[in-house]
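Colleague: below are the sequence and a predicted model for it; my questions follow.
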Amino acid sequence: MPDRQAPTLFFHARAKLAVSLEKRHFKLLTAFADHARARGWGVEIIAADPGAHERAAAHPQHLHVFMEDRGFYAHNVFHCVPSYLRGYWFFDQIGTRNNSLQRLAPFDAEAMPKRRAERFLAELAPQFIEENRSKFDQMPRGSEMIKPGCLAFFAQDFKTPKHHRHYLSVPQMIEAAIAAKGARALYIKPHPNQSLEELAHLSGYHDPARGVHVVAASIHDLLAACDCALTLTSAVGFEAFLHRKPVVLGGQTDFWQNAITLTDAAQMPAAIAAATARDWPYAGFLYWYLRLMCVEDEVSQLPRLLELLHQRGYDLGDLNRRGYF
């Protein structure tokens, strides 16, 4: 990390995010950088480095925004990556995803404005469901026939994640789902980043005669048809809420408050039963998570971001000189 005496806003970003930052593709972060420059701060984009968090904490005159998933707390550190739905971002003091404040925050469905939340979901869902949008490109809707009333399992990498916690492995969760599915069909969707070895392992579960299908169908076809979505910690567990579908997770997430989390594979039947029996507050949860806990990638969100700085004692966040002179 460059040694600077003048206060500097550093963005620590992986290559792809760094290029987008340099091209000013992110509206909110571009506005933030422009605001910092207008206040006399330097602004630099540097490559993400595993040891940079500790070095950043040792230079309190600077502000550091880390665009990766490692959790870390220091007074001059924030964490910022895209959230599960395009257009919404973390800007968090301790981490992102399962390392974020969202995981620790209590969710009170009764405190949410119900009509406003329902309108929000009604506006949000078509942007993703009707347009077949997700974090990765999807097969065209209707490209594969999916039986309604099924279970849908969404796979991830088999290896232990670096900054996340899985309670089960992918094979353990699939085998538990097969044992628990009963007369329902089970659809298994590999992840786009799955290795060839993992794809071969997943293909071994394909057995239509037993009602087990490995498919490439759009996640929105699978979510529309399923009775319950199953995954370890994939973003598709969050996307299921757009379809108002219950979710069983096999790992630690920051949206566990609106799902069932399974830590013992033998309890899969009870977990599915509990998930499908509950009347989940999908609209209220999406409103709370996206509108209140995340920031939108819009210039109009700059005051919210600056308020977080103000709360940490940065005059950079003292919009319109409310208190720092």
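Modeller: Looks like it arrived, so ask away.
Colleague: outline the domain layout of the chain.
Modeller: For the chain, automatic domain parsing gives the domain ranges 8-91+294-317, 109-286.
Colleague: first-to-last residue distance for the shortest one?
Modeller: Going back to what we said before, that points to domain 8-91+294-317. Domain 8-91+294-317 has an end-to-end distance of 14 Å (C-alpha to C-alpha, to the nearest Å).
Colleague: going forward can the numbers begin at 33, since that is how I track them
Modeller: Yes, from this point I'll number from 33; that puts the last item at domain 40-123+326-349.
Colleague: chain center to that domain, what's the gap?
Modeller: 17 Å (C-alpha atoms, centre = their mean, to the nearest Å).
Colleague: adding distance to residue 134, write the domains of the chain out as CSV.
Modeller: In short, each C-beta sits where N, CA and C put it, glycine included. As requested, the domains of the chain are exported to CSV (distance: least, C-beta to C-beta, whole Å):
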stretch, distance to residue 134
domain 40-123+326-349, 8
domain 141-318, 4
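Colleague: export the ones you listed as a markdown table, with columns for mean neighbour count, mean pLDDT and distance to residue 129.
Modeller: Below are the domains of the chain laid out as a markdown table (neighbours: other C-beta atoms under 10 Å; pLDDT from 0 to 100; distance: least, C-beta to C-beta, whole Å):
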| stretch | mean neighbour count | mean pLDDT | distance to residue 129 |
| --- | --- | --- | --- |
| domain 40-123+326-349 | 17 | 94 | 6 |
| domain 141-318 | 18 | 96 | 6 |
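Colleague: how about those, which one is nearest residue 135?
Modeller: When the domains of the chain are compared by C-beta to C-beta, domain 141-318 sits nearest residue 135, at 4.0 Å.
Colleague: quick check: end-to-end length of that closest one?
Modeller: The first-to-last residue distance of domain 141-318 comes to 10 Å (C-alpha to C-alpha).
Colleague: contacting residues for the one residue sitting closest to the centre of the chain?
Modeller: Geometric centre of the chain, nearest residue: residue 116, 3.5 Å, by C-alpha atoms, centre = their mean. Going by C-beta atoms under 8 Å, 6 or more residues apart in numbering, residue 116 touches 167, 267, 270-271, 287.
Colleague: and for residue 226?
Modeller: Here residue 226 is in contact with 187, 189, 234 (C-beta under 8 Å, 6+ apart).
Colleague: and these, which is closest to residue 313?
Modeller: residue 187 (27.7 Å).
Colleague: from residue 60, how far out is that closest one?
Modeller: 32 Å (C-beta to C-beta, to the nearest Å).
Colleague: next structured bit after the longest helix along the chain?
Modeller: As assigned by DSSP state H, the longest helix anywhere in the chain is helix 146-160. Under the assignment DSSP states H and E, the closest C-terminal helix or strand after helix 146-160 is strand 182-186.
Colleague: quick one: which two of the contacts of residue 116 are the most distant?
Modeller: 167 and 287 (14.5 Å).
Colleague: pretty sure residue 135 sits against residue 288.
Modeller: Yes. In this structure, residue 135 is within contact of residue 288 by C-beta atoms under 8 Å, at 7.2 Å.
Colleague: which residues do the two both contact?
Modeller: Residues within reach of residue 135 and of residue 288 at once, by C-beta under 8 Å, 6+ apart: there are none.
Colleague: would CSV of the contacts of residue 116 with distance to residue 107 and secondary structure be doable?
Modeller: Converted to CSV, the contacts of residue 116 look like this (distance: C-beta to C-beta, whole Å; DSSP: H, G, I helix; E, B strand; the rest coil):
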residue, distance to residue 107, secondary structure
167, 32, coil
267, 30, coil
270, 30, helix
271, 35, helix
287, 28, coil
